[in-house]
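Asker: Following is a predicted model, sequence given first.
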Amino acid sequence: MIHVSTPDSDTVRTAVQLDPDLAMAVLGAADTNLRTLEELLDADLHVRGGTMTVSGHPEAVDTASRVVSDLLRQARKGVEITPASVRRSVEILAGSGPLTAEEVLGTDVLSRRGGMIRPKTLGQKRYVDAIDEHTISFGLGPAGTGKTYLAMAKAVAALRAKEVSRIILTRPAVEAGERLGYLPGTLHEKIDPYLRPLFDSLHDMMDPETIPKLMAAGVIEVAPLAYMRGRTLNDSFIVLDEAQNTTPEQMKMFLTRLGFGSKIVVTGDITQIDLPGGQRSGLKVVREILSGVEGIHFSELTSKDVVRHALVGRIVDAYAKHEARLERSHGETRSHRNTEQHRNREQRRR
């Protein structure tokens, strides 16, 4: 980079050299990434030949230069640069954390057909690191944050590296508005559509032709949570999905299946509990019980970690605000009711 001061003391100009082999990847087709950078950054960006000139106030120029340099490093590692990843890079570098965007978005989790699975947000990076560092990890967050997909990618990676001898994927048999017993067909036909999302993720990560063979050999097992009872699971990578729909008893049963050489990842969204009759979620209870226990980690993913359509994150935030308003309203109603009851008791005493 070449720093040049302009006659205006409040303005500087920096030249960033773009590697010809990486320039197209960083700038994007028809300069889509460049336009996103211009939208997000306070500095002026101009590209001519193999040089990007960044000008503006010193702090803005420094931030823009770091973002562009980081994007170049990501492209060098083979990370696909898109307008969405440009936004995430700017957000990460704008934060006060020690990690760069390249360290977050360039972390390899699993090589798959057509590319590499990597974290796409800082929260996801912390989540996959927690899975590596702890025997039991909980991934809590709304839909679209990648909590189950990344857990399964880590499971497949562990199997490939021979760190475990099998993968076990499971879900509690509770679904919104339906009970499996009322669905038509045999037990297999009832369960198959319910567990289909887990199969779909597997097919995205592995050669589809090998999956039936691995399942027949017991190397991969996809089954309802009830099938875990009475077992001890050694040398296994076990993923419990939709854990918000476990009862406290089911959660205790599942966690105590842990055997030697095994790792457990539990995922769920406590805002989407489908348990009947107002039962308390085992995912809520387990945090109260196990928080702070050595070897166990709880990762919180938020709307900032949603990697689906940008509108999904806004929907998640809107629902969270609505629920907070309802809780405040209910709290005020209870407080008013208690005040009225106290006043009535006082009047009766008189």
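Answerer: Cool, the structure landed.
Asker: pLDDT weak spots in this structure?
Answerer: Flagging of the chain using pLDDT under 70 yields the residue ranges 1-9, 96, 174-194, 308-310, 313, 330-350.
Asker: at 80 what do you get?
Answerer: 1-10, 95-97, 113-114, 173-195, 277-278, 307-314, 316-317, 320, 323-324, 326-350 (pLDDT under 80).
Asker: And the strands in the stretch 101-250 of the chain, which stretches?
Answerer: 110-112, 115-117, 136-140, 166-171, 220-224, 236-240 (DSSP state E, counting those that start in this stretch).
Asker: and of the ones you listed, who's closest to Val67?
Answerer: Ranking the strands of the stretch 101-250 of the chain by their distance to Val67 (criterion: Cβ to Cβ) puts strand 115-117 first, at 21.7 Å. For every residue, glycine as well, the C-beta is placed using N, CA and C.
Asker: one step back: okay if I get the strands of the stretch 101-250 of the chain as a markdown table plus distance to Val128 and mean neighbour count?
Answerer: As requested, those are arranged in a markdown table below (distance: least, Cβ to Cβ, whole Å; neighbours: other Cβ atoms under 10 Å):
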| stretch | distance to Val128 | mean neighbour count |
| --- | --- | --- |
| strand 110-112 | 10 | 16 |
| strand 115-117 | 10 | 16 |
| strand 136-140 | 9 | 24 |
| strand 166-171 | 16 | 22 |
| strand 220-224 | 21 | 18 |
| strand 236-240 | 13 | 26 |
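Asker: Ok, which of these comes nearest Val293?
Answerer: Val293 lies closest to strand 136-140 among the strands of the stretch 101-250 of the chain, at 8.6 Å (Cβ to Cβ).
Asker: ok, residues contacting that closest one?
Answerer: For strand 136-140, the external contacting residues (Cβ atoms under 8 Å, 6 or more residues apart in numbering) are 127, 130-131, 147-148, 150-151, 243, 255, 258, 263-270, 283, 286-287, 295-301.
Asker: what's the answer for stretch 265-278, then?
Answerer: The contact list for stretch 265-278 (Cβ under 8 Å, 6+ apart) reads 131, 136-143, 147-148, 151, 154-155, 174-177, 237-245, 247, 254-255, 281, 283-284, 286, 319-320, 323.
Asker: so how far is that stretch from its chain's centroid?
Answerer: Distance of stretch 265-278 from the chain centroid (Cα atoms, centre = their mean, to the nearest Å) equals 17 Å.
Asker: For Arg160, find the nearest of the strands of the stretch 101-250 of the chain.
Answerer: Closest to Arg160 of those is strand 110-112 (Cβ to Cβ; 7.9 Å).
Asker: other SSEs contacting that closest one?
Answerer: Under the contact definition 3 or more Cβ pairs under 8 Å, 6 or more residues apart in numbering; DSSP states H and E, strand 110-112 sits against strand 115-117, helix 147-160, helix 187-205.
Asker: from the chain's centre, how far out does that strand sit?
Answerer: With Cα atoms, centre = their mean as the basis, strand 110-112 stands 17 Å off its chain's centre.
Asker: Now do the end-to-end distance for stretch 36-51.
Answerer: Using Cα to Cα, to the nearest Å, the end-to-end distance of stretch 36-51 comes to 18 Å.
Asker: Check which residues of that stretch are buried.
Answerer: The neighbour-count check on stretch 36-51 (16 or more other Cβ atoms under 10 Å) flags Thr36, Leu37, Leu40, Leu41, Ala43, Leu45 as buried.
Asker: The fourth one: what's it in contact with?
Answerer: For Leu41, the contact set (Cβ under 8 Å, 6+ apart) comprises Ala60, Thr63, Ala64, Val67, Val90.
Asker: Now the phi/psi pair for it, please.
Answerer: The phi/psi pair for Leu41 (degrees, to the nearest 10) reads phi -100, psi 150.
Asker: pretty sure Met253 contacts Arg231?
Answerer: No: with contact defined as Cβ atoms under 8 Å, Met253 does not reach Arg231; the gap is 9.9 Å.
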